[in-house]
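1. Sequence and computational prediction follow.
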Amino acid sequence: MGNICRSPTAEGAFQSIVDNHNCSHNFEIDSAGTHAYHIGNSPDQRAQQAAINHGVDLSSQRARQVHESDFYYYDYIIAMDSDNLERLKSMCPVKSHSKIELMLDYSKDYLGGSVPDPYYEGKFDEVFKMVHSACLSFFESIEKKTNIH
């Protein structure tokens, strides 16, 4: 939605996985919100703390809103929940629909469904673990399809 909790967590988690596999030169990773609520803001401090607890730094990220060009530029567009999935599909060109998927569709530990928004419930550590698990499986799926090393 506003790009300060779940999506920057996913960006940071996926970037750390890519960095740990020494293949950051093969990826351009970014996150964006479907709403303009927090444009230019840093990730929520609680999201940053949960990430730091797992060795991931989100402090350099700034919130932005999804732009139409993202649907042409990026190979994958990953949504955190079904509401954002539908919003993304309504924003994008029809031929880009296949790029849009749910984050937890990649998770082995949290099968399908939505990543809960921790903004009000405060489950930032749990969300980090869910997202990291899905990001690891996402990375492995890309690794199987390509020779990324």
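-> Perfect, I can see it now.
2. could I have the helix or strand bottoming out on mean pLDDT in the chain exported to PDB, CA atoms only?
-> Ranked by mean pLDDT, DSSP states H and E, the weakest helix or strand in the chain is helix 118-121, scoring a mean of 93. Written as PDB, here are the backbone C-alpha positions of helix 118-121 (Å, rounded to 0.1, in the frame of the first residue of the first chain):
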ATOM      1  CA  PRO A 118       2.200  -5.300  10.500                       C
ATOM      2  CA  TYR A 119       1.500  -1.600  10.600                       C
ATOM      3  CA  TYR A 120      -1.300  -1.900  13.100                       C
ATOM      4  CA  GLU A 121      -0.800  -5.300  14.600                       C
END
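3. tell me which residues of the host helix or strand of Q15 are tucked away?
-> Assigned by DSSP states H and E, Q15 belongs to helix 6-20. For helix 6-20, burial by neighbour count (16 or more other Cβ atoms under 10 Å) applies to 6-18. For the C-beta atoms, the positions are set from N, CA and C on the backbone; glycine is no exception.
4. Which strands or helices does the following helix or strand past that helix pack on?
-> Counting by DSSP H and E, the next helix or strand C-terminal to helix 6-20 is helix 45-53. Helix 45-53 sits against helix 6-20, helix 124-145, with contacts defined as 3 or more Cβ pairs under 8 Å, 6 or more residues apart in numbering; DSSP states H and E.
5. for stretch 17-26, the distance to its chain's centre please.
-> Distance, stretch centre to chain centre, for stretch 17-26: 16 Å (Cα atoms, centre = their mean, to the nearest Å).
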